[in-house]
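Participant: Here is my input; please provide its structure:
(4 chains)
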Number of protein chains: 2
Amino acid sequence: MNVGGQSLEFILVKFPSLELSESLLRNSLKRREFVTVAGNCECRYTGRASSHLGWGERLILIKGDGSIQVHRPKGYEPVNWQPPQCNFYVHRSGGLLFIEAHRRRPRESLTLNFDRIIFYSSFKPVDNAEFNLYVSEEQMRDALIRDPSILEDGLELVDFERKVEPGFIDFYGRDADGRLVIVELKRSQAGKEAILQLKRYVDAVLKITGQNVRGVLAAPRLKSGAQGLLVELGLEFRRLTPRKCAEVLKKSGTRKISEFI
Amino acid sequence: MNVGGQSLEFILVKFPSLELSESLLRNSLKRREFVTVAGNCECRYTGRASSHLGWGERLILIKGDGSIQVHRPKGYEPVNWQPPQCNFYVHRSGGLLFIEAHRRRPRESLTLNFDRIIFYSSFKPVDNAEFNLYVSEEQMRDALIRDPSILEDGLELVDFERKVEPGFIDFYGRDADGRLVIVELKRSQAGKEAILQLKRYVDAVLKITGQNVRGVLAAPRLKSGAQGLLVELGLEFRRLTPRKCAEVLKKSGTRKISEFI
DNA sequence: CGTGCCAGGTGCCAT
DNA sequence: ATGGCACTTGGCACG
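Facilitator: Numbers count the residues shown, from 1 in each chain, chains lettered A, B, ... in the order given. Sure, this is the predicted structure:
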């Protein structure tokens, strides 16, 4: 597919013959298109386990990355599937259309045979958007204030949004050993920028107080490759997930933040 | 859909207008059909966590059980979804078509807005087939109950699925020397987790009975590196393959498990 | 590559 | 409803 609502290599066929379906499939697989097929089929899987599913009408998705999934009329999860990067073989035999999806490591295969196709569709979706899973940074901060122990046992709040030279420190606390702890929060994957920001805060507070200061980066995850810089600068990472924050916020209920400070 | 390859309430439309799509959707949702829609959309989720996905072309499945899933061109898993039994709201606003899927307990919602539909399909799949997965952990347990000697000569069943403090013991027996044996089953490669789980059971039973207790981990194989922990904790490993279990189940036939206990 | 750990996990079955 | 746990778990980061 492409811009302007005009079809580019977009195919949609109602009740294609098995012969036509076979050639459409071969073509789509070669082009790595997103294929959607509905039809009456039987499914066999063998690999880590084995399974058999008798005849019935289902919807099959085959994606350009080489994944396949078979959906029955009910249930969120596919009844049979194969993860990305498997090899497909399409052939007709005995009046049936076969789709095989093979994978190595672990060695397993999924075989579907159709006696009737209800519809066939293929297109190349244009989708470059970024997916973000998050709570707001403010919600994360609120959760941490209400229960600092979600980050570390014994951690206690001293102040938040404290102004220092480079900016505002998200969370300013003291750990079980009495050491100062500066926490920098990121609502999604944290990268080098966040690490350097935290370092500036740590340096500033060290300069002001002269005390030993710990710098902790709290985020759902660390960008790959950022670990090195973190360690190099003597900082720490603590995983803090949207889920955990949501739990705390729910548990502590509607009470105002002011009650916790 | 129904027999004979003839359409019964089967709809397939290429590039429907948002207006038409809205009315088709309302109808399909009312009839609890299996809906497949491809289109350019934006997705927002809020509930246990929150997420946002910018504009892009995706495929959406809505099943008759009230589940919905949004598939991007790559990846086995849907980027956004909602499990069965949620409520749908469809409306148009500001030149966009909105689909909302709401759920209570946990309270969460998924909202999709489309500016263009690539194709719309709906049908009522006929699928009454039974799905069979071979050699599940339960089947392994059944095989072991029917013939404990597959694990060790002289082993006899005392109880299964026995409740102790940490959870349920898969198989609880007595060996040729009269010692208690606790078996933890894994249908595939067993790792550290399984060993620790077994250890908890052994400790619990030891505490209760005061008797000498053997802990046996039974699985097709042990993860490399797990051997050390096993020995360290005084536990044992016995290889038990799906094939062997299948043999036992086949030999003992269709007789019910209750005949063996 | 394997190994470990998290997930908006989901699903199943128990109390 | 809540808890324990398996899952063809899938996915990602790390050694």
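Participant: need the contact list for the spatially closest residue to A:Lys199 that is not a sequence neighbour.
Facilitator: Nearest non-adjacent residue to A:Lys199, counting by C-beta to C-beta, 6 or more residues apart in numbering or on different chains: A:Leu233, 5.0 Å away. Every residue, glycine included, has its C-beta placed from N, CA and C. Neighbouring residues of A:Leu233 by C-beta atoms under 8 Å, 6 or more residues apart in numbering or on different chains: A:195, A:199, A:215.
Participant: For A:Leu233, give its distance to DNA strand D.
Facilitator: As for A:Leu233, its distance to DNA strand D is 15 Å (criterion: C-beta to the nearest atom of the strand, to the nearest Å).
Participant: TSV for the contacts of A:Leu233, including distance to DNA strand D, secondary structure and neighbour count?
Facilitator: Listed next are the contacts of A:Leu233 as TSV, based on distance: C-beta to the nearest atom of the strand, whole Å; DSSP: H, G, I helix; E, B strand; the rest coil; neighbours: other C-beta atoms under 10 Å in any protein chain shown:
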residue	distance to DNA strand D	secondary structure	neighbour count
A:Ile195	12	helix	24
A:Lys199	18	helix	21
A:Gly215	17	strand	25
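Participant: can the helix-or-strand element of chain A with minimal mean pLDDT be found next to chain B?
Facilitator: Lowest on mean pLDDT, DSSP states H and E among the helices and strands of chain A sits helix A:242-251, with a mean of 77. Yes - Helix A:242-251 reaches chain B (C-beta under 8 Å from any C-beta of the partner chain) through A:242-243, A:246.
Participant: Let me know the closest of the contacts of A:Leu233 to chain B.
Facilitator: Checking the contacts of A:Leu233 against chain B with C-beta to the nearest C-beta, the nearest one is A:Ile195 at 23.9 Å.
Participant: Determine the number of other residues adjacent to A:Phe260.
Facilitator: Neighbour count for A:Phe260, taken as other C-beta atoms under 10 Å in any protein chain shown: 14.
Participant: let me fix that: A:Thr209
Facilitator: Close neighbours of A:Thr209, defined as other C-beta under 10 Å, add up to 10.
Participant: can you check the one 10 residues further on too?
Facilitator: The number of residues packed near A:Ala219 is 23, by other C-beta under 10 Å.
Participant: now swap in A:Tyr120 and tell me
Facilitator: So A:Tyr120, with other C-beta under 10 Å, has 22 neighbours.
Participant: Relative to B:Gln69, how far out is it?
Facilitator: The spacing between A:Tyr120 and B:Gln69, counted by C-beta to C-beta, to the nearest Å, is 20 Å.
Participant: What does the pLDDT read for A:Lys256?
Facilitator: We have a pLDDT of 66 for A:Lys256.
Participant: in the sheet, who's paired with A:Val37?
Facilitator: A:Ile60, A:Tyr120 (DSSP bridges).
Participant: just checking, it touches A:Tyr120?
Facilitator: Yes - under the criterion of C-beta atoms under 8 Å, A:Val37 makes contact with A:Tyr120 at 5.4 Å.
Participant: joint contacts of the two?
Facilitator: Counting by C-beta under 8 Å, 6+ apart, the residues touching both A:Val37 and A:Tyr120 are A:21, A:25.
Participant: which residues sit in contact with A:Gly191?
Facilitator: Residues counted as contacts of A:Gly191 (C-beta under 8 Å, 6+ apart) are A:223, A:226.
Participant: if we go to 10 Å?
Facilitator: A:219, A:222-226, A:229 (C-beta atoms under 10 Å, 6 or more residues apart in numbering or on different chains).
Participant: phi, psi of it?
Facilitator: With angles defined as degrees, to the nearest 10, A:Gly191 sits at phi -120, psi -160.
Participant: What's the separation between it and chain B?
Facilitator: Per C-beta to the nearest C-beta, to the nearest Å, A:Gly191 is found 19 Å from chain B.
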